[in-house]
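>>> Predicted model and sequence follow; I will ask about them next.
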Amino acid sequence: MSNLVVIENTVVRQDVFGRYCLNDLHRAAVAQGKATESQRPSGFFKSKGTRKIAKSLGNNALKTMHGGVESGIWVVPELGCVP
């Protein structure tokens, strides 16, 4: 992890590749009333369009980490997930 971004008192982690933790962004949006629990990050990638864009951006465009301190879905800003 290299940088921390804070949105309305919610820390949004960024990794060394410049990807943001989509789970953190979702948590911040829910806290602001701009998203619901049903709009979880896992649902974002069920869209064929989203997967196609991520694939076109290359291997480092997204990373899913299961377990540990850095668990979550990590995405590059080009996926349109960063405010």
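That came in fine, so what should we check first? Only a predicted model underlies this, so the values are computations on that prediction, with no experimental measurement involved.

>>> burial count for residue 38?
6 (other Cβ atoms under 10 Å). C-beta here means a position set from N, CA and C on the backbone, and glycine is covered the same way.

>>> Just give the nearest non-adjacent residue to residue 32, would you?
Once flanking residues are discounted, residue 32 sits nearest to residue 8: 5.5 Å by Cβ to Cβ, 6 or more residues apart in numbering.

>>> can you tell me which residues contact that neighbour?
Residue 8 makes contact with 28, 31, 32 under the criterion Cβ atoms under 8 Å, 6 or more residues apart in numbering.

>>> top of those by neighbour count?
residue 28 (20 neighbours).

>>> In space, what's closest to that one - neighbours in sequence excluded?
Closest to residue 28 by Cβ to Cβ, 6+ apart is residue 10, at 3.8 Å.

>>> The one you found reaches residue 24, doesn't it?
Yes: between residue 10 and residue 24 there is a contact under Cβ atoms under 8 Å: 6.6 Å.

>>> Compare neighbour counts for these two and give me the winner.
residue 24 (21 against 16).

>>> Poorly predicted segments of the chain, please.
Scanning the chain with the threshold set as pLDDT under 70 gives 1-3, 80-83.
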